[in-house]
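Participant: structure for the following, please:
(one chain, ligands or ions: 2)
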Amino acid sequence: MEKLNIIPHDHKVNKEDRQRHKKQKPVVIWFTGLSGSGKSTLANMLEQGLYEYGFHTYILDGDNVRMGLNKGLTFSEEDRKENIRRISEVAKLMVDAGLVVITAFISPFKKDRAMARELLEEGEFIEVFVDCPLEVCEQRDVKGLYRKARAGEITKFTGIDSPFEAPENPEIHIKTAEQSLESSINQLIDLVLPIIQIKN
Ligand SMILES: Nc1ncnc2c1ncn2[C@@H]1O[C@H](COP(=O)(O)OS(=O)(=O)O)[C@@H](OP(=O)(O)O)[C@H]1O
Ligand SMILES: Nc1ncnc2c1ncn2[C@@H]1O[C@H](COP(=O)(O)OP(=O)(O)O)[C@@H](O)[C@H]1O
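Facilitator: Ligands and ions are numbered 1, 2, ... in the order given. Down below sits the predicted model:
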């Protein structure tokens, strides 16, 4: 491979400076779960809650990523991997900028989530398993996509003809078919706040 002469710069203002400035510990809160499990709903409510507490946050989700940065990527295993790789690199930059980053992607493959975790430093990757049985997601069918997938109008749909590999040891586990929305968001806020607060 051709050698690229890329030599990283040492910047005067570093990650620790930005962290002190924003008075928060930057992390990635990584939601994973089936379509319709509740990722976007919980990500939005979490961001709203953290915003009201004064934290600096940013949500990365399908709307701002698959229509922009990752436009053109499909739902093949290879493209999903590339989707997650780019999202992880962007999330890492945002952590470096001092933000609390919330990502809401199906991210169905364990090895891709492991790659995202490995890009970050110890304690910076908080995996949230938004756990909901396929039958319930299918009943919710928020976007009508399960019906289309069952009818064969969409192929490689996660849970139908494409796998979802559930996390084994997520930092946070939410069962959205068993818990109310209120209990789910309270659980999230209670677990996330102590992680991102910096004691003076
Ligand atoms: N084939 C197939 N499989 C799964 N999902 C599909 C598919 N086609 C379109 N959609 C819609 O795209 C959203 C998932 O995109 P993601 O970027 O999160 O997927 S992945 O992480 O790359 O697997 C997903 O959004 P959510 O419902 O919010 O999860 C779907 O609305
Ligand atoms: N405990 C819960 N947590 C999150 N969503 C829930 C819960 N109970 C019911 N729901 C509903 O499930 C649906 C989840 O949709 P959405 O957030 O778009 O899922 P995803 O982003 O994973 O595709 C919403 O209509 C939401 O109101």
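Participant: SS state for the residue minimising distance to the centre of the chain?
Facilitator: With distances taken as CA atoms, centre = their mean, the residue of the chain nearest its centroid is residue 103 (2.5 Å). Three-state assignment for residue 103 (DSSP: H, G, I helix; E, B strand; the rest coil): strand.
Participant: isn't it right next to residue 29, touching?
Facilitator: Yes: in this structure, residue 103 is within contact of residue 29 by CB atoms under 8 Å, at 7.2 Å. Yep, even glycine has a C-beta here, placed from its N, CA and C like the rest.
Participant: now the helix or strand of the chain with the lowest mean pLDDT: buried residues?
Facilitator: Taking mean pLDDT, DSSP states H and E as the measure, the helix or strand of the chain with the lowest value is helix 62-64, at a mean of 85. Neighbour counts over helix 62-64 (16 or more other CB atoms under 10 Å) mark no residue as buried.
Participant: now the following helix or strand past that helix: how far from the chain's centre is it?
Facilitator: Using DSSP states H and E, the helix or strand that follows helix 62-64 towards the C-terminus is helix 77-96. Counting by CA atoms, centre = their mean, to the nearest Å, helix 77-96 is centred 10 Å from the centre of its parent chain.
Participant: what does the strand or helix carrying residue 185 rub up against?
Facilitator: Using DSSP H and E, residue 185 maps to helix 181-196. Contacting residues not belonging to helix 181-196 are listed as 24-27, 29, 38, 41-42, 45-46, 49-50, 53, 55, 100, 123, 126, 128, 171-172, 174, 176, 179 [CB atoms under 8 Å, 6 or more residues apart in numbering].
Participant: okay, buried residues for that helix please.
Facilitator: Across helix 181-196, burial judged by 16+ other CB under 10 Å covers 184, 185, 187, 188, 192, 195, 196.
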